[in-house]
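Undergrad: sequence plus predicted model, see below.
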Amino acid sequence: MDFLKSAVASAISKGPPFPYSFGDRVDIDQSIWTLYNGTKREDGSNCSIFSFDVTANKSRLPLARNTVRKLRTLRHPGVIKVLDTVETETYIYVATEKVTPLRWHIKRKSMSAETLKWGLFSIANTIKFINDEATSVHGTLRVGSLFTSESGEWRVGGFEVLSSIKDDDAIIYNYGSLVPDSGRYTPPELAKSGWDAIKRSPINAVDSYNFGTLIFEVFNGDFMGADQAGQTKNIPPSMHSSYRRLINSNPKARLSVGHFLEQGRRKDSFFDSPLIKLAEGVDSLGMKTEEEREAFMIELDELSDDFPEDYFKMKILPELLKSVEFGGGGPKVFAVVMKISTKLSDEDFDAKVTPVIRIPQKVVNDKIFPQMVTGFTDVAPVVREQTVKAVLTIIGKLSDRTINGDLLKYLAKTSNDEQPGIRTNTTICLGKISKNLGVSTRSKVLIAAFTRSLRDPFVHARNAALLALSVTTDAFNEDDCANRILPSLCPCLIDKEKLVRDQANKTIDIYLQRIRKFASTMPDSILPPPSTSETSTTAAPRMSTPQPSETASWAGWAISSFTNKVSATAGDIQSTSTSNGFSQSRVTPTPSTNNPRSNPGIVSVSTLHRQAITSPPIASTRTSASSTTPDYFQDSNPIEDDADAWGDMEEDSFFDAPSHAALPSATGSKHSPVNPFDDNGEPDFAGWLAAQAQKKPGGKPLPKGLAKTTASNLSTNVAARPGTGGRVATTRSLGGAGAKKAASTAAPASAEAKPVVAKKTEMKPKPKVEEQDLDDAWGDGW
């Protein structure tokens with residue numbers, strides 16, 4: 001192969017210029033020509049090159065020269081189109097349109113029966129022209145002399161012995177037998193009497209017989225000789241009668257190709273097929289009336305996919321594009337164009353279809369969209385709905401400013417449309433154009449739109465929102481998924497419609513999987529590890545940090561850590577007796593000698609709390625003998641403080657604790673208040689707070705929020721409620737005698753209850769500078 005290419009190149013360099021480049025060699029039947037693929041040097045377009053070696057085939061040189069001469073002079077759409085020819089003493093080159101041997105398709109049986117009939121119809125028209133109009137004989141009609149163009153149309157070649165009957169010295173008479181493999185296809189009268197018998201037979205006799213053998217070869221793959229002539233294997237039944245007349249042994253009784261063509265074009269005959277009608281009508285599409293064009297388009301749209309794709313792409317599509325480009329096609333033609341375009345590659349589509357039907361981006365953005373937006377606010381619901389749907393067709397042509405500005409503004413209106421179908425389609429539209437939205441506003445817009453649609457009364461609108469959220473997960477970050485989207489999805493789990501509930505479960509699973517995947521990459525804790533000094537000096541756990549080993553209730557660890565600190569206080573518990581016989585505990589502070597302020601950075605929360613609240617001992621008015629446990633946590637003003645501490649909890653009551661016990665009336669009605677807390681043997685907390693209040697003022701000040709409750713305030717609150725029993729400050733170990741005496745005198749004591757004046761404890765004001773420092777230390781949370 002390389003040797004042949006080099007030889008050709010050497011020959012070209014020595015001869016006249018030939019502006020074509022040789023490519024690969026193409027295998028063909030026995031022929032005097034060698035076929036190559038080629039390209040035109042000027043524009044790189046594809047072509048085919050037939051090469052004849054004069055030195056190797058001098059005896060057949062007249063056949064090659066006859067071919068060149070006839071190809072130049074004989075012009076017909078069914079004949080191979082010649083681009084250029086070159087003849088020297090050593091070679092002959094013929095450059096033609098790009099063709100492929102028909103033998104390739106016949107061997108592979110790659111053509112349908114309809115395509116084969118369409119090809120035979122085309123060849124019959126060409127042979128009829130040669131016999132009737134050109135008064136010539138082809139002489140070598142067979143599969144080997146036929147080719148297919150880039151559009152899939154069949155072309156006639158093999159003009160080695162094509163001769164005019166008017167010429168007495170026609171080449172066919174003397175050189176007909178030199179055509180390669182001519183013995184298989186020679187008519188019986190020529191095989192018997194020689195090629196001069198053509199003069200004594202009708203002009204069409206030879207070509208009619210060869211057309212009959214061509215029909216058999218096309219439907220069966222090959223023709224081996226005269227024995228197969230007349231066999232109807234695989235030939236369409238409607239063609240049998242006419243086919244037999246073509247191969248009649250009597251040349252004068254043979255049916256001419258022209259008559260065979262006429263019989264085939266009759267109604268319901270073998271050439272009456274949609275593809276053949278299409279091939280005949282496409283060339284005159286621009287000249288048809290509107291009714292004829294509409295009928296033609298209907299037939300074209302109904303064609304099945306087994307027809308030749310190359311013909312649709314190379315022949316039909318260009319004609320339709322002309323009709324669309326010059327305004328004579330209408331919407332039906334455009335629909336057929338788009339149907340055929342689906343078979344094109346991206347390169348072919350951009351080269352052939354795009355220049356005709358695609359509008360530039362600037363025109364769409366600046367001229368078409370401003371006119372289109374009027375449909376969003378049209379009074380007709382169908383117009384508004386179709387406008388929303390049309391967004392998908394032009395979204396790729398709109399600028400970012402138009403999309404994130406005007407378009408979203410109109411879609412916001414249609415998302416609140418009174419028509420549920422328009423609201424639903426708006427949600428679907430937003431889901432499909434999500435990737436076109438700006439990155440800075442995408443998540444904000446989509447979350448607002450989809451979560452609103454989740455509350456839509458129309459069931460399909462809610463379902464559309466769930467589906468849109470399922471396919472736009474990439475538009476949201478993990479914080480949006482956990483804090484904004486999942487809370488909005490949860491109500492759909494109990495939607496009244498099963499359709500919504502099922503889709504809600506699927507959508508939530510998608511977001512949960514994403515959040516779990518993200519959570520698996522997060523650290524176990526962001527708190528720094530405790531230092532060695534803190535671990536050695538602090539034995540008990542801190543109040544604000546739960547320990548993993550504890551399995552108590554949600555608040556158990558906090559209360560236990562808080563009360564356990566009482567055992568570490570510096571003071572002695574002394575029991576005193578009040579005037580009414582009740583046992584009262586008093587805490588006498590004892591100075592600590594173990595450097596209590598050596599580590600000011602480590603201060604337990606319980607210690608700070610004790611320093612902030614002062615509860616002086618007051619006479620107890622409890623009369624219940626069933627409970628000897630003091631109530632450490634009863635507030636002096638429970639109604640006001642509780643409301644301020646927990647906030648508004650009318651809607652969501654997470655806690656079901658019993659309400660405060662009713663306060664005794666001023667008349668002292670008999671009532672035994674329930675003590676809701678048990679100290680479990682802990683020291684007197686209230687008494688200890690009173691003792692801490694008597695420490696020297698030079699101690700470390702309390703946090704701002706805790707230092708405002710003074711002893712004077714507490715005494716005022718207690719004095720304002722003379723009928724309320726004081727807090728019992730005894731422990732279980734010290735409350736035996738006092739409790740018994742209280743039980744025996746419960747009735748008189750309660751009946752003659754007097755206001756109890758709490759002991760006032762003086763506290764020096766804290767410096768303002770220290771309060772400001774503490775505010776900074778605790779942060780805004782306090």
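TA: Everything's here; your move.
Undergrad: show me where the stretch 501-650 of the chain dips below the pLDDT cut-off.
TA: Along the stretch 501-650 of the chain, the parts satisfying pLDDT under 70 run over 532-650.
Undergrad: switch to 50 and redo it
TA: Confidence mapping of the stretch 501-650 of the chain against pLDDT under 50 gives the ranges 536-650.
Undergrad: got it, and the chain?
TA: Residues of the chain meeting the criterion pLDDT under 50: 1, 3-4, 11-13, 536-682, 702-782.
Undergrad: residue boundaries of the helices in the stretch 201-350 of the chain?
TA: Assigned helices in the stretch 201-350 of the chain, in chain order: 205-220, 240-246, 257-264, 274-282, 290-301, 309-311, 317-325, 330-341, 346-348 (criterion: DSSP state H, counting those that start in this stretch).
Undergrad: sorry, wrong one. I was asking about the stretch 351-500 of the chain.
TA: Counting by DSSP H, counting those that start in this stretch, residue ranges of the helices within the stretch 351-500 of the chain are 354-357, 361-363, 369-372, 381-394, 400-402, 408-414, 420-432, 439-453, 459-471, 478-480, 486-489, 498-519.
Undergrad: any chance of TSV for the ones you listed, columns mean neighbour count?
TA: The C-beta positions use only the backbone N, C-alpha and C, and glycine is treated the same way. Putting these into TSV (neighbours: other CB atoms under 10 Å) gives the following:
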stretch	mean neighbour count
helix 354-357	13
helix 361-363	11
helix 369-372	14
helix 381-394	16
helix 400-402	14
helix 408-414	17
helix 420-432	22
helix 439-453	17
helix 459-471	22
helix 478-480	14
helix 486-489	16
helix 498-519	15
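Undergrad: mind checking which of the ones you listed is nearest Tyr243?
TA: helix 354-357 (43.2 Å; CB to CB).
Undergrad: tell me, how many residues neighbour Leu214?
TA: For Leu214, the number of neighbouring residues by other CB atoms under 10 Å comes to 25.
Undergrad: likewise for the one 4 residues further on?
TA: If you count neighbours by other CB under 10 Å, Val218 ends up with 23.
Undergrad: could you do Lys315 as well?
TA: When neighbours are defined as other CB under 10 Å, Lys315 has 20 of them.
Undergrad: related to what we said a few turns ago, so can I have CSV of the helices of the stretch 351-500 of the chain showing distance to Lys40?
TA: Written out in CSV, the entries for the helices of the stretch 351-500 of the chain read as follows (distance: least, CB to CB, whole Å):
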stretch, distance to Lys40
helix 354-357, 22
helix 361-363, 34
helix 369-372, 43
helix 381-394, 39
helix 400-402, 44
helix 408-414, 52
helix 420-432, 46
helix 439-453, 49
helix 459-471, 50
helix 478-480, 60
helix 486-489, 64
helix 498-519, 57
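Undergrad: picking that back up, among the helices of the stretch 201-350 of the chain, which comes closest to Lys409?
TA: With CB to CB as the criterion, Lys409 lies closest to helix 330-341 of these, at 30.8 Å.
Undergrad: returning to that earlier point: point out the most buried one among the helices of the stretch 201-350 of the chain.
TA: For the helices of the stretch 201-350 of the chain, the stretch with the most neighbours on average is helix 205-220, a mean of 24; neighbours defined as mean count of other CB atoms under 10 Å.
Undergrad: and that one, what does it pack onto?
TA: Other elements packing on helix 205-220 under the criterion 3 or more CB pairs under 8 Å, 6 or more residues apart in numbering; DSSP states H and E are helix 113-128, helix 240-246, helix 257-264.
Undergrad: between it and helix 257-264, how big is the angle?
TA: Orientation note: helix 205-220 sits at an angle of 50 degrees relative to helix 257-264 (axes from the mean of the first three to the mean of the last three CA atoms, to 10 degrees).
Undergrad: ok so, going back, can you put the helices of the stretch 201-350 of the chain in TSV and add distance to Leu83?
TA: Listed next are the helices of the stretch 201-350 of the chain as TSV, based on distance: least, CB to CB, whole Å:
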stretch	distance to Leu83
helix 205-220	27
helix 240-246	34
helix 257-264	28
helix 274-282	24
helix 290-301	31
helix 309-311	20
helix 317-325	19
helix 330-341	28
helix 346-348	22
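Undergrad: for Ile165, which of these is the nearest?
TA: Nearest of the helices of the stretch 201-350 of the chain to Ile165, taken as CB to CB: helix 205-220 at 10.7 Å.
Undergrad: and the closest one, C-alpha only, in CSV?
TA: Output for helix 205-220, consisting of C-alpha atoms alone and laid out as CSV, is shown next (Å, rounded to 0.1, in the frame of the first residue of the first chain):
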residue,chain,number,x,y,z
ALA,A,205,-32.3,-5.4,-24.9
VAL,A,206,-28.9,-5.7,-23.2
ASP,A,207,-29.6,-3.3,-20.4
SER,A,208,-33.1,-4.9,-19.7
TYR,A,209,-31.5,-8.3,-19.3
ASN,A,210,-28.8,-6.8,-17.0
PHE,A,211,-31.4,-4.9,-15.0
GLY,A,212,-33.2,-8.3,-14.4
THR,A,213,-29.9,-9.9,-13.1
LEU,A,214,-29.3,-6.8,-11.0
ILE,A,215,-32.7,-7.3,-9.3
PHE,A,216,-31.8,-10.9,-8.4
GLU,A,217,-28.3,-9.9,-7.2
VAL,A,218,-29.7,-7.1,-5.0
PHE,A,219,-32.2,-9.3,-3.1
ASN,A,220,-30.0,-12.4,-3.0
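Undergrad: how close does the closest residue to Met314 other than its chain neighbours sit to Pro308?
TA: On the basis of CB to CB, 6 or more residues apart in numbering, the spatially nearest residue to Met314 that is not a chain neighbour turns out to be Ser151, at 3.3 Å. According to CB to CB, to the nearest Å, Ser151 stands 8 Å off from Pro308.
Undergrad: of these two, who's got more company?
TA: For Ser151 against Pro308, the residue with the higher neighbour count under other CB under 10 Å is Pro308, and the figures read 23 against 17.
Undergrad: distance of that one relative to Leu116?
TA: Taking CB to CB as the measure, Pro308 falls 11 Å from Leu116.
Undergrad: ok, Val94 next?
TA: Distance from Val94 to Leu116, by CB to CB: 28 Å.
Undergrad: cool, Tyr20 as well?
TA: 32 Å.
Undergrad: more neighbours, those two?
TA: Taking neighbours as other CB under 10 Å, Tyr20 and Leu116 compare with Tyr20 leading, 22 against 18.
Undergrad: tell me if I'm right that the more buried one and Asn37 touch.
TA: No - assessed by CB atoms under 8 Å, Tyr20 is found out of contact with Asn37, at 10.5 Å.
Undergrad: which residues do those two both contact?
TA: Between them, Tyr20 and Asn37 have Cys47, Ile49 as joint contacts when contacts are counted by CB atoms under 8 Å, 6 or more residues apart in numbering.
Undergrad: now Thr96. Its backbone dihedrals?
TA: When read as degrees, to the nearest 10, the backbone of Thr96 gives phi -130, psi 180.
Undergrad: contacting residues for it?
TA: Cys47, Ser48, Ile49, Phe50, Leu71, Ile80, Lys81, Val82, Leu83.
Undergrad: and the residues you listed, which are buried?
TA: With neighbours counted using 16 or more other CB atoms under 10 Å, the contacts of Thr96 contain these buried positions: Cys47, Ser48, Ile49, Phe50, Leu71, Ile80, Val82, Leu83.
Undergrad: from Phe296, how far off is Thr55?
TA: Between Thr55 and Phe296 the distance, using CB to CB, works out to 54 Å.
Undergrad: Asn210 now?
TA: 34 Å.
Undergrad: what's the answer for Ala253, then?
TA: Relative to Phe296, Ala253 is positioned 39 Å away (CB to CB).
Undergrad: do Arg69 as well
TA: Distance check for Arg69 against Phe296: by CB to CB, it reads 39 Å.
Undergrad: distance-wise, check Lys98 relative to Leu120.
TA: Between Lys98 and Leu120 the distance, using CB to CB, works out to 22 Å.
Undergrad: neighbour count for those two, which is higher?
TA: Under the neighbour definition other CB under 10 Å, Lys98 and Leu120 were set side by side, and Leu120 has more, 23 against 17.
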